[in-house]
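Visitor: mind looking at a prediction? Sequence and model below.
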Amino acid sequence: MKMSDYWTTMASLVGMLAFCQTILQLVFPPELRLAFLHVLTRLRHVFSSHTYFDITEIDGVNTNELYNAVQLYLSSSVTVNGAVSSRNNNTRLSLTRVPNSSSVTFGLSNNDRITDVFNGVTVLWEHVVVQRQVQSFSWRPMPEEKRGFTLQINKRDKDLVLDSYLDYIVGKSEEIRRRNEERLLYTNSRGVSLDVRSHPWDSVRFKHPSTFDTLAMDPEKKKRIMEDLREFASGQGFYQKTGRAWKRGYLLYGPPGTGKSSLIAAMANYLGYDIYDLELTEVQNNSELRKLLMKTSSKSIIVIEDIDCSINLTKRGKNKKKNGSYEYDPGLINGSGLEEPGSSVTLSGLLNFTDGLWSCCGSEKIFVFTTNHIEKLDSALLRSGRMDMHIHMGFCKFPALKILLKNYLRLEEDEMDGVVLEEMEECVEEAEITPADVSEVLIRNRSDAVKAVRELVCVLKERVVKRKKSVGLKKKKEEGDEEEEDEADEEQEKRALDSPNRNREVFGFQDEEEEKEK
Ligand SMILES: Nc1ncnc2c1ncn2[C@@H]1O[C@H](COP(=O)(O)OP(=O)(O)OP(=O)(O)O)[C@@H](O)[C@H]1O
Ligand SMILES: [Mg+2]
């Protein structure tokens with residue numbers, strides 16, 4: 001073939017192709033064109049060593065949760081752990097900020113690609129965006145763009161994706177969502193309708209700054225609590241295997257101002273859970289209590305503050321005798337009694353709330369009760385399974401004091417005067433001061449660290465002196481009381497010996513003799 005003939009043939013071929021394309025565009029409706037392209041893509045996939053998974057944004061008319069999960073996972077993985085890395089340096093990321101969220105997230109721009117590594121296997125994600133051609137009839141308006149992710153993975157690694165990678169992404173995305181979103185604080189109020197549809201809880205955004213870093217408490221104890229929370233949150237399999245409801249109870253007890261409420265806020269922030277602050281005095285009866293419980297969501301902390309003040313929870317099935325001991329009252333064993341007048345939430349109702357069949361509806365729930373007086377609580381309420389962990393929030397000790405100094409004054413231990421530190425260490429425990437009181441001194445002087453420390457040392461020393469004085473006075477009073485008691489006993493003994501009926505009184509026969517005389 002002559003050269004000129006070759007070029008003529010090629011030109012006519014290109015011309016034909018262009019002609020076909022024009023015909024294709026003119027004659028075939030967009031759906032057919034799309035289908036044709038689809039077939040071509042499929043053909044490519046058949047002969048490739050890769051498998052492709054399409055995850056479209058809208059599945060029929062429903063939003064595809066998996067699309068959202070992948071988007072969130074990829075967007076945060078870029079920034080959070082660096083698990084995702086771009087193969088091309090010129091991958092373009094779009095920035096988003098969800099309303100009310102404090103963090104900016106990164107997303108893949110249209111038709112960009114990004115690689116991810118999972119269990120040593122590299123996969124490729126492509127964000128595919130095409131214009132939606134026809135607005136087919138739908139009850140719901142469809143977005144103009146058709147978006148989706150295509151996951152490209154080696155054929156030999158297909159099982160990995162189906163078995164664990166997608167589950168991993170869904171789990172991770174939920175975690176990210178919880179971390180990004182602000183938490184809600186729910187509370188109940190009296191007289192709210194409790195029918196099936198209405199929600200008995202009012203909610204507000206929960207933005208408490210307390211975290212485990214800001215919490216002043218024994219570091220060992222703090223570590224144990226954090227570990228316990230972590231194990232709980234990731235323990236679905238364990239709870240399933242052992243046949244236990246996926247819930248955990250914490251009892252926080254200690255004097256006012258020792259950080260019980262702050263610890264609850266830190267727990268919620270740590271796990272990303274919502275808080276249900278249950279006002280027990282507003283609940284009219286046990287069935288209302290149960291309904292409230294049913295309307296709580298999973299991944300939440302249900303809090304009852306000052307449980308000893310909310311309802312009378314003293315010793316189920318026991319009545320206190322005059323001498324301070326308890327006597328058994330079978331009438332109360334079903335929990336029918338011991339409620340406050342005007343409230344019919346009973347101890348039994350509360351016990352069922354925390355450990356009954358209803359307590360596990362929704363799963364992954366944490367119950368936290370707080371009290372200033374643990375000794376007032378019924379042992380049934382305190383037992384493991386209801387309150388699994390009892391956490392004492394006590395007066396400020398030296399390690400907690402150091403945390404407060406660091407948080408409020410930005411003072412590290414090695415930046416402080418050794419003598420002052422020693423002084424503080426010596427008297428802080430004896431001063432019996434709450435973290436709330438220490439915080440108050442530090443806040444007052446936060447602009448001048450030296451002054452703050454000086455004033456704190458003074459306050460601690462003053463408290464030690466005051467405490468010593470009051471202990472001395474108490475001792476004296478007790479000794480005085482004892483002396484008075486001895487004198488009274490002596491007097492009584494004397495009178496008894498003088499009395500003609502002395503044997504009856506001393507040996508306790510008085511009642512019998514009197515009966516006989518009658
Ligand atoms: N352990 C602590 N660590 C850090 N701050 C604390 C701690 N304890 C108390 N505070 C500070 O004191 C204030 C009161 O603390 P919080 O409300 O947590 O005490 P509480 O034990 O719940 O008291 P109450 O028994 O009266 O409810 C908080 O605003 C917090 O700033
Ligand atoms: Mg509190």
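Guide: Happy to help now that I have it. Ligands and ions are numbered 1, 2, ... in the order given.

Visitor: now tell me what touches stretch 153-171 from outside.
Guide: Under the contact criterion C-beta atoms under 8 Å, 6 or more residues apart in numbering, stretch 153-171 has outside partners 49-53, 65-66, 69-70, 73, 118-119, 121, 123-124, 151. Where you see a C-beta, it was placed from the backbone N, CA and C, and this is true even at glycine.

Visitor: can you check stretch 391-403 too?
Guide: By C-beta under 8 Å, 6+ apart, stretch 391-403 touches 215-219, 221, 225, 250-255, 258-260, 263, 404, 413, 424-425, 428-429, 431-435, 437-438.

Visitor: quick one: average confidence on it?
Guide: Mean per-residue pLDDT for stretch 391-403: 95.

Visitor: which non-adjacent residue is nearest Glu423?
Guide: Val457 (5.6 Å; C-beta to C-beta, 6 or more residues apart in numbering).

Visitor: do Leu404 as well
Guide: Nearest non-adjacent residue to Leu404 (C-beta to C-beta, 6+ apart): Ala216, at 4.7 Å.

Visitor: and the chain, which residues reach ligand 2?
Guide: Residues of the chain that fall close to ligand 2, judged by C-beta under 5 Å from the ion: 260-261.

Visitor: show me which positions of stretch 249-268 end up buried.
Guide: If you call a residue buried by 16 or more other C-beta atoms under 10 Å, then stretch 249-268 has these buried ones: 249-254, 257-268.

Visitor: ok, stretch 379-390 next?
Guide: 380-381, 386-389.

Visitor: so what's the residue of the stretch 151-300 of the chain at minimum distance from ligand 1 up against?
Guide: In the stretch 151-300 of the chain, the residue that lies nearest ligand 1 is Gly259 (2.7 Å; C-beta to the nearest ligand atom). With contacts defined as C-beta under 8 Å, 6+ apart, Gly259 is in contact with 215-217, 393, 435-436.

Visitor: go on, Ala452?
Guide: Taking C-beta under 8 Å, 6+ apart, one finds 408-409, 441-442, 444-446 in contact with Ala452.

Visitor: nearest residue to it other than its sequence neighbours?
Guide: Counting by C-beta to C-beta, 6+ apart, the residue nearest Ala452 is Asn445, at 3.5 Å.

Visitor: count the residues that sit near that neighbour.
Guide: 17 (other C-beta atoms under 10 Å).

Visitor: hmm, it is touching Val459, no?
Guide: No. Between Asn445 and Val459 there is no contact under C-beta atoms under 8 Å: 10.9 Å.

Visitor: which residues of the stretch 201-350 of the chain score low on pLDDT?
Guide: Within the stretch 201-350 of the chain, the segments meeting pLDDT under 70 span 312-343.

Visitor: now do the strands in it.
Guide: 201-206, 247-253, 274-277, 300-304, 318-320, 326-328 (DSSP state E, counting those that start in this stretch).

Visitor: and these as a markdown table, adding distance to ligand 1?
Guide: Output for the strands of the stretch 201-350 of the chain, formatted as a markdown table (distance: least, C-beta to the nearest ligand atom, whole Å):
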| stretch | distance to ligand 1 |
| --- | --- |
| strand 201-206 | 15 |
| strand 247-253 | 7 |
| strand 274-277 | 12 |
| strand 300-304 | 11 |
| strand 318-320 | 25 |
| strand 326-328 | 26 |
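
Visitor: just the buried ones from the contacts of Gly259?
Guide: Looks like the contacts of Gly259 have 215-217, 393, 435 buried, using 16+ other C-beta under 10 Å.

Visitor: now do the buried residues in stretch 416-428.
Guide: So stretch 416-428, judged by 16+ other C-beta under 10 Å, has buried residues 416, 421, 423-424, 427-428.

Visitor: out of the residues you listed, who's nearest ligand 2?
Guide: Val428 (22.0 Å; C-beta to the ion).

Visitor: quick one: contacts for that closest one?
Guide: Going by C-beta under 8 Å, 6+ apart, Val428 touches 396-398, 401, 460.

Visitor: give me the subset of those lying in helices.
Guide: Counted as lying in helices by DSSP state H, out of these, are 398, 401, 460.

Visitor: quick check: the second one vs Val419, distance?
Guide: As judged by C-beta to C-beta, to the nearest Å, Leu401 and Val419 stand 16 Å apart.

Visitor: out of everything not next to it in sequence, what's closest to Asp355?
Guide: Arg386 (4.9 Å).

Visitor: which bits of the protein sit near ligand 1?
Guide: 214-217, 256-262, 372, 393, 435-436, 439 (C-beta under 6 Å from any ligand atom).
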